[in-house]
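Participant: Any chance you can model this:
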Amino acid sequence: MTGEMGANGVGTPGEGMNTHKTRARRATWAALAAVLSCAPSAASALDTPQLTVRAKAAAAEPAIVATPQAGCEAGSRPEPSIQGRLPKSEVDSGRADRGYWCNLSVVGRSGNTGGFRVHRYVDKQRHECAYYDTALLFPTNALSLSAEPTGVAVLDMSNPAKPVRTTTLLTPAMQTPHESLNISVKRGVLAAVLGNPAQYPGGIDVYDISNDCRYPEVKAAGFPATPFGHESGMAPDGNTFYPSSPAGPYGFSAVDISNPMLPRTLVSTNSVNTHGMSVSDDGRRGYHAVGNGLVITDLSDVQERKPNPQVRSISSLTWSNVTIPQYAEPVTIGGKPYLFEVDEYSENEGGSATANGSRVGAARMIDISDERAPRVVSNIRLQVHQPESRAAIGGDYGAQSPVQGYAAHYCAVPQRSEPGLIACSMIASGLRVFDIRDPERPVEVAYFMAPPSTISATGGPTIDERSNWAMSQPAFAPERREVWYSDGNSGFYALRLSEAAFNGTSANAQRSGSGTAGGAGSRCLPRRLKVTSRAVGRVRVGAKRAAVLKAAGAVPKRTTKRSLRFCVERGGSVLAALDRRGRVTTVVSTAKGHRAKAIARGTARKSAERRFKRSVKVRPSLVVLYRGRNIAGVKGRRVRFVGAVDRKRARSARALRSDLRKLGL
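Facilitator: Prediction:
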């Protein structure tokens with residue numbers, strides 16, 4: 001964030017505070033206002049000649065309209081006004097005291113404050129943990145006598161209904177990471193750089209969380225590896241940390257943390273004046289949010305550890321309603337590469353950050369099939385973000401703060417491959433969840449507005465308005481349909497999505513046609529499909545993941561690294577298991593209309609045994625019948641699924657058992 005404000009703590013201004021502390025806090029907020037006033041403009045923050053101008057970008061853009069609003073299921077408490085609004089009258093009357101929710105329910109919560117990032121990690125021993133920074137602006141929370149501990153909170157999430165704070169990370173960068181708290185799930189590394197709304201000297205902290213995530217092991221603390229800090233990126237392999245700072249002379253640095261006890265700076269460059277950034281799965285591409293939009297870079301020299309590594313710009317993009325680009329990350333949908341990108345805050349038409357500005361950047365989906373010519377294909381935004389709504393909402397609590405208000409800040413997905421959903425922290429509008437199975441037609445499927453709290457209760461005495469301050473990058477626990485995030489005013493939340501919202505079968509998603517990549521195909525596979533010795537419908541044994549997603553005619557209901565699950569009209573699923581190369585090894589159907597050798601789900605076991613000559617007991621309750629490469633799974637006296645397998649699975653009970661475990665059968 002370029003110019004965020006916020007803090008930590010409880011109590012009202014002046015209660016139990018010494019005069020010098022009150023002065024210090026006021027000075028901090030005054031300094032922050034000065035930072036905001038001199039934040040880099042869209043024109044000056046990036047010196048990249050190929051960036052297209054805003055007017056030119058508008059010609060090829062999709063319409064800048066509000067995303068279709070979520071339809072709320074039973075048990076919801078829908079928001080009381082237009083999409084994303086919490087009216088002042090609702091807060092004053094007390095009607096907002098319980099908050100508002102749609103297709104999301106609270107599982108558990110912790111603490112009273114939050115910051116900019118939430119991460120999830122499961123270690124080697126299967127401990128499950130959450131990490132979140134606890135202050136929007138250090139040291140305002142440290143100046144409050146009644147505040148929670150400063151630093152990064154570590155939560156044991158073995159019971160999400162009762163998160164337990166096991167420790168708090170108090171090394172220098174963890175005290176004030178700003179937006180830089182980052183993680184490599186693959187390697188089990190947590191890192192941050194000293195940061196604030198402008199920049200701090202770039203000392204970094206590195207922790208090993210792989211052994212016991214509940215008690216991270218510090219490997220480096222305040223290590224001087226980069227000139228300045230504000231935000232960051234992390235290579236997925238966990239060997240390179242990318243601290244960034246948009247307001248300083250160095251846009252970002254690449255720091256080798258392969259030896260976490262001895263970080264080593266590989267390069268610091270001002271070639272791309274980076275706010276936030278992400279890195280491709282192979283470590284060779286950088287996706288940079290910059291002052292005027294997006295820049296894609298080649299990071300191959302860094303990834304290969306070449307001497308004197310060079311960072312080369314591949315392409316850049318802007319859009320007509322750009323504000324302050326915050327973060328972009330790659331995803332694959334229907335086998336096609338995209339980025340999601342989110343802008344923070346609002347601006348006036350002159351391009352200056354302002355309270356309740358008429359231009360709200362919000363979020364968008366960007367097609368990067370041709371990485372040299374990226375293009376925006378859809379916008380993700382709320383009704384409160386539209387210019388025609390801004391005058392009416394200007395009197396709501398939080399709306400008149402240039403670093404709060406009705407705007408966006410961070411988004412996240414459950415996984416990069418076929419994510420299905422995206423969750424976005426939209427500041428005063430709380431947490432919003434969108435279905436992006438059709439990236440050109442996203443729809444909102446859920447939201448959560450926390451009970452509003454006063455900003456003074458978290459250490460900020462100059463603004464005292466009860467509101468949401470949702471700034472954090474969320475995290476997902478997809479196996480339980482959970483989304484985790486923190487609100488600067490009220491702490492950490494673990495939320496659970498309804499099954500329909502999570503799976504993309506909500507009425508709103510169905511009405512909009514979301515879930516079909518590029519608008520082609522249907523949401524579920526047909527109830528009648530041919531099952532051959534090599535395929536179920538168009539899901540073929542031996543085909544690569546991308547080929548399956550392109551040919552299937554529907555978008556998966558759920559994906560993992562080793563499996564795909566498609567829904568079937570009128571009930572049932574088609575499930576595909578993948579090997580390490582991403583090829584289908586087993587495909588089965590649990591739908592009654594899908595028949596192999598005239599056998600389908602529900603067929604009596606004796607009838608199936610007459611058609612299938614061989615059998616193998618996969619486990620005590622499951623017997624698989626074979627005929628060539630066709631299989632039928634039997635539990636009790638009935639067939640539960642039919643399908644096809646590759647040659648190895650047709651001959652090996654062990655290999656077949658592994659595939660069925662991937663599919664949850």
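
Participant: all contacts plus neighbour counts: C-alpha atoms, from now on.
Facilitator: Noted.

Participant: who does the longest strand that the chain contains pair up with?
Facilitator: Taking DSSP state E as the criterion, the chain has its longest strand at strand 217-229. Strand 217-229 sits in its sheet next to strand 200-208 (antiparallel), going by DSSP bridges.

Participant: Quick one: mean pLDDT over the strand it pairs with.
Facilitator: On average, the pLDDT along strand 200-208 is 91.

Participant: What are the contacting residues of it?
Facilitator: 171-174, 188-195, 216-230, 243, 260-261 (CA atoms under 8 Å, 6 or more residues apart in numbering).

Participant: Setting aside sequence-adjacent positions, which residue approaches residue 302 most closely?
Facilitator: Distances taken as CA to CA, 6 or more residues apart in numbering put residue 309 closest to residue 302, at 5.6 Å, once the chain neighbours are dropped.

Participant: Check residue 398 too.
Facilitator: In space, residue 398 is closest to residue 405, 5.1 Å off (CA to CA, 6+ apart).

Participant: Would you confirm that the one you found belongs to a helix?
Facilitator: No: counting by DSSP: H, G, I helix; E, B strand; the rest coil, residue 405 is not found in a helix; it is coil.

Participant: Distance of it relative to residue 381?
Facilitator: Per CA to CA, to the nearest Å, residue 405 is found 14 Å from residue 381.

Participant: So the two - more neighbours on which side?
Facilitator: residue 381 (31 against 28; other CA atoms under 10 Å).

Participant: That one reaches residue 363, doesn't it?
Facilitator: Yes: under the criterion of CA atoms under 8 Å, residue 381 makes contact with residue 363 at 6.3 Å.

Participant: ok, residue 641 to residue 604 distance?
Facilitator: According to CA to CA, residue 641 and residue 604 sit 12 Å apart.

Participant: Might you calculate how far stretch 610-624 sits from the centre of the chain?
Facilitator: Distance, stretch centre to chain centre, for stretch 610-624: 42 Å (CA atoms, centre = their mean, to the nearest Å).

Participant: Name the spans of this structure whose pLDDT lies under the cut-off.
Facilitator: 1-59, 137-149, 198-199, 248, 455-464, 506-523 (pLDDT under 70).

Participant: where along it do the helices fall?
Facilitator: Along the chain, the stretches classed as helices by DSSP state H are 19-37, 54-59, 88-93, 172-175, 300-303, 390-393, 499-503, 507-512, 545-551, 605-611, 647-651, 653-662.

Participant: distance of the spatially most central residue of the chain from residue 345?
Facilitator: By CA atoms, centre = their mean, the chain has its centre lying nearest to residue 412, at 1.0 Å. Between residue 412 and residue 345 the computed distance is 18 Å (CA to CA).

Participant: hmm, back to that, and the residue nearest to residue 398, what does it touch?
Facilitator: Residues near residue 405 by CA under 8 Å, 6+ apart: 345, 355, 356, 398, 399, 427, 428.

Participant: Quote the end-to-end distance of stretch 174-188.
Facilitator: Start-to-end, stretch 174-188 (CA to CA) is 17 Å.

Participant: for stretch 424-433, same thing?
Facilitator: OK, stretch 424-433 end separation, CA to CA: 6 Å.

Participant: Give me the contacts around that stretch.
Facilitator: Residues outside stretch 424-433 that contact it (CA under 8 Å, 6+ apart) are 84-86, 398-399, 404-412, 421-423, 444-450, 467-474, 485, 487.

Participant: Also stretch 109-118?
Facilitator: Residues outside stretch 109-118 that contact it (CA under 8 Å, 6+ apart) are 7-10, 130-136, 148, 161-165, 178-182, 458, 471-475, 484-494.

Participant: So what would you say the end-to-end distance of it is?
Facilitator: Stretch 109-118 has an end-to-end distance of 13 Å (CA to CA).

Participant: how far is that stretch from where the chain is centred?
Facilitator: Distance of stretch 109-118 from its chain centroid, counting by CA atoms, centre = their mean, is 16 Å.

Participant: Only the buried residues of that stretch, if you could.
Facilitator: Of all the residues in stretch 109-118, those buried under the rule 16 or more other CA atoms under 10 Å are 109, 110, 111, 112, 113, 114, 115, 116, 117, 118.

Participant: measure the first one to residue 448 for me?
Facilitator: Pointing back at residue 109 there. Residue 109 sits at a distance of 13 Å from residue 448 (criterion: CA to CA).

Participant: The fifth one too?
Facilitator: Residue 113 sits 17 Å away from residue 448, taking CA to CA as the criterion.

Participant: Likewise for the last one?
Facilitator: Using CA to CA, one obtains 16 Å as the distance from residue 118 to residue 448.

Participant: before we move on, back to that, neighbour-wise, which one of the contacts of residue 405 leads?
Facilitator: Per-residue neighbour counts (other CA under 10 Å) across those peak at residue 345, which has 34 neighbours.

Participant: So what pairs up with residue 574 in the strands?
Facilitator: residue 566, residue 589.

Participant: What residues does it make contact with?
Facilitator: Going by CA under 8 Å, 6+ apart, residue 574 touches 536, 565, 566, 567, 568, 587, 588, 589, 590, 591.

Participant: And for the first one, the neighbour number?
Facilitator: Spelled out, that is residue 536. As a burial measure, residue 536 scores 26 neighbours (other CA under 10 Å).

Participant: my guess is residue 290 meets residue 252, correct?
Facilitator: No: contact criterion CA under 8 Å: residue 290 and residue 252 do not qualify, at 11.2 Å.

Participant: what is in contact with these two at once?
Facilitator: With CA under 8 Å, 6+ apart, residue 290 and residue 252 have common neighbours 272, 273, 274.

Participant: Quick check on residue 356: phi, psi?
Facilitator: Main-chain torsions, residue 356, degrees, to the nearest 10: phi 50, psi 40.

Participant: so which of the contacts of residue 405 comes closest to residue 651?
Facilitator: Residue 651 has its nearest neighbour among the contacts of residue 405 in residue 427, at 55.7 Å by CA to CA.

Participant: Now the closest one: closest residue in space that isn't a chain neighbour?
Facilitator: With CA to CA, 6+ apart as the criterion, residue 427 has its nearest non-adjacent residue at 4.1 Å, and that residue is residue 470.

Participant: Contact partners for that neighbour?
Facilitator: With contact taken as CA under 8 Å, 6+ apart, residue 470 is in contact with 409, 425, 426, 427, 428, 429, 430, 431, 486, 487, 488.

Participant: For residue 115, see how far away it is.
Facilitator: Computed with CA to CA, the distance linking residue 470 and residue 115 is 8 Å.

Participant: Please identify which of the buried residues of stretch 109-118 is nearest to residue 64.
Facilitator: Of all those, residue 64 sits closest to residue 116, with 26.6 Å by CA to CA.

Participant: Chain neighbours aside, what residue packs nearest to the closest one?
Facilitator: Residue nearest to residue 116 in three dimensions, not counting chain neighbours: residue 472, with 3.8 Å by CA to CA, 6+ apart.

Participant: That neighbour reaches residue 483, doesn't it?
Facilitator: No: Residue 472 lies out of contact with residue 483 (CA under 8 Å); the separation is 11.8 Å.

Participant: Compare the two and say which one has the larger neighbour count.
Facilitator: Per other CA under 10 Å, whichever of residue 472 and residue 483 has more neighbours is residue 472, with 31 against 24.

Participant: From the chain's centroid, how far away is stretch 627-636?
Facilitator: So, by CA atoms, centre = their mean, the centroid of stretch 627-636 is 39 Å from its chain's centroid.

Participant: Give the buried residues for it.
Facilitator: Across stretch 627-636, burial judged by 16+ other CA under 10 Å covers 627, 629, 630, 631, 632, 633, 634.

Participant: Now intersect the residues you listed with the strands, please.
Facilitator: Judged by DSSP E, the subset of the buried residues of stretch 627-636 located in strands is 627, 630, 631, 632, 633, 634.
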